[in-house]
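*Asks:* Got a predicted model here, sequence first, then my questions.
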Amino acid sequence: MANSKLGIVNKNRRELGMLGLLLALITITSVGTIESGVQGLFESKFLTPDNLKNISREIGIYGIFSIGVGIVIITAGIDLSVGSLMALLGVVFLYFVTPPETRPDSFLAKIIPEIPWTIAIIFTLILGTLVGLVQGLLVGKLKLQAFIVTLCGLLSYRGLARFSADDTSINLSDSEQNLSFVRYLGEGSLGDVLTNGNGKGFLHSIPMSFVYLICFAIIFGIILHKSIFGRYIFASGRNELATKYSGINTSMVIAFAYVIAGFCTAFAAIPFCIYTGSVQPATHGAFFELYAIAAAVLGGCSLKGGEGSIVGILIGTAILIVLRNMVNLFGYPTPLSDAITGGVIFVGVMLDQHGVSSIKRLFSSKDKS
Amino acid sequence: MQRINKSFPGVRALIDVDFEISTGEVVALIGENGAGKSTLMNILGGVHQPDSGTIEVEGNTTTIKSVSNADQLGIGFVHQELNILDNLDVGANVFLGREPRRLGIVNSKQIIEKTKPFIEMLGLDISPETPVSELSIGQQQMVEIAKALSKNAKIIIMDEPTSSLTLSETEKLLNVISDLRDKGISIIYISHRLGEVSQCADRVIALRDGENAGELSKDQIDHDSMVNLMVGRALERNTHSKPIINTESEGLKISNLRTTSYPNCKVSFRVASGEILGMAGLVGAGRSELAQAIFGVDQTLEGEVKINGKIVSRGSSKESIRCGIYLAPEDRKRTGLVTEFDITKNISLASLSKYASKFGLINNNKEQDVANHQIESLNIKTPSASTPVVNLSGGNQQKVVLAKWLSMAPKAIIFDEPTRGIDVGAKAEIYKLMRDLANQGVAVWMISSDMEEVIGISDRIAVMHEGKITGELSREEFSEETIMHFAVGGKR
């Protein structure tokens, strides 16, 4: 029995290590931001309800598309198109729910009709899924390199977004339809949605995007780790040829991973553009694909494929967001944020793969020279 | 080369092998697959180092430390897989790494000038500026030879030079070889094609199981004496029970099948239920490709596959698996197993729907039970069912591949080189398993390059040569000589 327990620890060693890193970050930030002289003993800037709510909202949005990208990475692929796709879908969604006369002068602005927000959500999801399908077929069926296919996506969706928004910022302005409920769904809390914006309480501190993430994590956790399809994803990522020799249509398995990524991206795009309230097409969602890859890799997905878990991706996302929050709260200059994030990811992944000795080696070789 | 010894982990590849070639001589080196021809030539070409033995070039004892060392000694190697950069032109390939320079910049004019005489010498009608990608395989081979000549090679080793050449290209190559001989260049010619050998060789040296098997001088060279030298070992027949052939079901029947590797050959044969059909042939005869096409992972151009009278539609391995035709492939690690997965997951991979609920969720207990049952019945040696197969020995890995198929009621199983890289004990177990399967009414088709194995295990043998079945032998006709006769393209 002791053996099998050890096996579990071994198998989830990576997730456990990263969970440790996350807890360490949270502790450092919580303790480091305690302000003396304020009312309570434990008045940490990190642990305020507002800050926690903001963090969990961001974890929610980033987590959803990171799950999609993580699944693609498990098939030994990559999806670089996430950030641009979020910008394009953001523009499209806002067009759907705003009256044509308030839109900038562009081709897409003229042809997109104003439709009820429920249908707008469905269309946006379908559109994102279709984009994922096209990329998936190009990678899975035609065997084009995922890096190239999604790099072209990164460039072209960004360009399309800027073109269709006439390179100006699109705002979520109120139209004839009442958008207050969709605002709750996007940027509000579970309490807001349940009570239609009235009242206060614990439920009002849980952002909807975090609720979505929990649902996504459960659903995709079951799909990835318990279902036949999930097993095929891991097998195709590990050894596509051997999987094919077991009678599995690996092309379709791989293609479907990109479909999932497209759907997840589309799903995250909606609350994100409602939360930001406007879409600045040149910068909206910029670098999100890289955050997603970072989260997945931190969480134990190997770029070689066949390795990773939903829990890991969640922990990876949380590390990223907490880290950025920490940089802010500690009062470091915001532009430095990415540099610090990059450094921590690097050290984390290196420690994980080579242990403490790798750092020793790094320094000892320096000493010698 | 005298008393050359070379061992690789687990194999003694060369045992006290002697080899000699004089100036302006064409020596053919022959032997079965794995006889040690390539190892010997790799030692001469500087690719491998011998464990012991001496090499003399022009009377001086030398050690050949590397390929560039071999170049300096005037030993050129034209490999079976051409080492040519098809994004460069002919001249650039010939002088690759030794480009004439002026002020550090490659002097293309000089390359062209210097390449011309070699091209003319080999009777090539092309300009040195032609991109190699526009040349035929035969012409590319000439470029390789030109490259060797440009390095002042006095000995040129050609490993299976004609394996991908057309008939007329082969003819041309043989002419070039005799021209080169007249110019005083020595040529070592490795080939399975005994016809070519008798056409061009001055002397034949045969290897068998890593040892010298004999020599033939020019007037002794003929087909039969070469086959005798290559095979020659005392044969031991395994005792053998008579197959219980199920007459009611037809087994695996292949009609007029064309594959992409030999698109001009139609293959038809049958493996009866309860029978082990051994398929012999030399490397490159197209046996594995045939198996892959039948299994559905490679394309089938034309033809029909039937199992027990039912047509198996072409185009995907899924369909073949559904019909109960399984393949235990040649390269276990690449195509047979997901090696980082544990035993359980490998066994269940092809039949996951059996273990799943309506919603596609896998029942791990069921999966475990089947895996444990297979581990027990196949005697797979492992600490547990959750051990990654990469940690198992070759024999146990092969058993995992088989366990995958045995857990899903096989009708026909194709074994492609089932005992490659497996120790003797596990081999015997695999043979017993194949016989048991046959006795249970499975059509067993075994592809093997191991003569003893084919003769010892099969109920019937088919021999392939260049995409065609050249002979079929019943038990009474089994002999290494006959198999080799058909394997090199001989007729009845």
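*Replies:* Great, that's in hand. This one's a predicted model, so the numbers in the text were calculated from it and none came from an experiment.
*Asks:* hey, which helix or strand in the chain has the poorest pLDDT?
*Replies:* Picking chain A for this. helix A:2-11 (a mean of 42; mean pLDDT, DSSP states H and E).
*Asks:* From the chain's centroid, how far away is the helix or strand just after it?
*Replies:* Heading C-terminal from helix A:2-11, the first helix or strand you meet, by DSSP states H and E, is helix A:13-32. Relative to the centre of its chain, helix A:13-32 is centred 19 Å away, using CA atoms, centre = their mean, to the nearest Å.
*Asks:* list the buried ones in helix A:13-32?
*Replies:* Buried residues in helix A:13-32, counting neighbours by 16 or more other CB atoms under 10 Å in any protein chain shown, are found at A:14, A:15, A:18, A:19, A:21, A:22, A:25, A:26, A:29, A:30. For every residue, glycine as well, the C-beta is placed using N, CA and C.
*Asks:* just the strands in the stretch 301-450 of chain B please.
*Replies:* For the stretch 301-450 of chain B, the strands defined by DSSP state E, counting those that start in this stretch occupy B:310-312, B:325-328, B:412-416, B:443-447.
*Asks:* Including mean pLDDT, distance to chain A and mean neighbour count, could those strands go into JSON lines?
*Replies:* Converted to JSON lines, the strands of the stretch 301-450 of chain B look like this (pLDDT from 0 to 100; distance: least, CB to the nearest CB, whole Å; neighbours: other CB atoms under 10 Å in any protein chain shown):
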{"stretch": "strand B:310-312", "mean pLDDT": "92", "distance to chain A": "12", "mean neighbour count": "15"}
{"stretch": "strand B:325-328", "mean pLDDT": "95", "distance to chain A": "7", "mean neighbour count": "26"}
{"stretch": "strand B:412-416", "mean pLDDT": "95", "distance to chain A": "11", "mean neighbour count": "26"}
{"stretch": "strand B:443-447", "mean pLDDT": "95", "distance to chain A": "15", "mean neighbour count": "29"}
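*Asks:* Is it possible to get a markdown table of those that adds distance to residue B:23?
*Replies:* Formatted as a markdown table, the strands of the stretch 301-450 of chain B follow (distance: least, CB to CB, whole Å):
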| stretch | distance to residue B:23 |
| --- | --- |
| strand B:310-312 | 58 |
| strand B:325-328 | 50 |
| strand B:412-416 | 44 |
| strand B:443-447 | 43 |
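*Asks:* tell me the contacts of residue 160?
*Replies:* Assuming you mean chain A. Residue A:160 sits next to residue A:88 when contact means CB atoms under 8 Å, 6 or more residues apart in numbering or on different chains.
*Asks:* Chain B, not that one
*Replies:* Residues near residue B:160 by CB under 8 Å, 6+ apart: B:80, B:190, B:191, B:192, B:284.
*Asks:* Kindly report the same for residue B:427.
*Replies:* Residue B:427 neighbours (CB under 8 Å, 6+ apart): B:395, B:419.
*Asks:* For the chain, which residues score under the pLDDT cut-off?
*Replies:* Since no chain was named, I'll use chain A. A:1-12, A:36-42, A:174-176, A:354-369 (pLDDT under 70).
*Asks:* wait, I meant chain B there
*Replies:* Applying pLDDT under 70 to chain B flags the ranges B:8-11, B:33-34, B:164, B:232-248, B:423-424.
*Asks:* That one against chain A: which residues are in contact?
*Replies:* Within chain B, the residues that sit near chain A (CB under 8 Å from any CB of the partner chain) are B:295, B:297, B:316-318, B:320-322, B:327, B:329, B:334-341, B:345, B:349-350, B:352-353, B:356, B:359-362, B:386, B:404.
*Asks:* Tell me which two in the contacts of residue B:160 are the farthest apart.
*Replies:* With CB to CB as the measure, no two of these lie farther apart than B:190 and B:284, at 13.0 Å.
*Asks:* Mind telling me what element the closest residue to residue A:58 other than its chain neighbours is part of?
*Replies:* Distance criterion CB to CB, 6 or more residues apart in numbering or on different chains; nearest residue to residue A:58, sequence neighbours excluded, is residue A:321 at 4.8 Å. Residue A:321 is part of helix A:310-329 when elements are defined by DSSP H and E.
*Asks:* Residues touching whichever helix or strand comes after that helix, excluding its own?
*Replies:* Per DSSP H and E, the first helix or strand lying C-terminal to helix A:310-329 is helix A:337-354. For helix A:337-354, contacts defined as CB under 8 Å, 6+ apart pick out A:14, A:17-18, A:21, A:287, A:294, A:297-298, A:319-320, A:323-324, A:327-328, A:332, A:358-359, A:361.
*Asks:* Mind checking which of those are buried?
*Replies:* A:14, A:18, A:21, A:294, A:297, A:298, A:319, A:320, A:323, A:324, A:327, A:328.
*Asks:* Look up how far residue A:319 lies from the third one.
*Replies:* Residue A:21 is 6 Å from residue A:319, where distance means CB to CB, to the nearest Å.
*Asks:* what residues does the stretch 201-350 of chain A put near chain B?
*Replies:* Counting by CB under 8 Å from any CB, the stretch 201-350 of chain A sits next to chain B at A:222, A:226-229, A:231-232, A:234-235, A:238-239, A:241-249, A:306.
*Asks:* now what about stretch A:172-181, what contacts it?
*Replies:* Stretch A:172-181 has contacts (CB under 8 Å, 6+ apart) with A:94, A:97-99, A:102, A:114, A:116-117, A:183, A:193, A:196-197, A:273-274, A:277-278.
*Asks:* Leaving out chain neighbours, which residue sits closest to the residue in the stretch 151-300 of chain B that chain A sits nearest to?
*Replies:* Closest contact between the stretch 151-300 of chain B and chain A, by CB to the nearest CB, is at residue B:297 (5.8 Å). Nearest in space to residue B:297, with sequence neighbours left out and distances taken as CB to CB, 6+ apart, is residue B:317 at 4.9 Å.
*Asks:* Identify the residues contacting residue A:192.
*Replies:* By CB under 8 Å, 6+ apart, the residues touching residue A:192 are A:184, A:204, A:208.
*Asks:* from these, which single one is nearest residue B:392?
*Replies:* residue A:208 (49.3 Å).
*Asks:* Could you report the separation of the closest one from chain B?
*Replies:* 27 Å (CB to the nearest CB, to the nearest Å).
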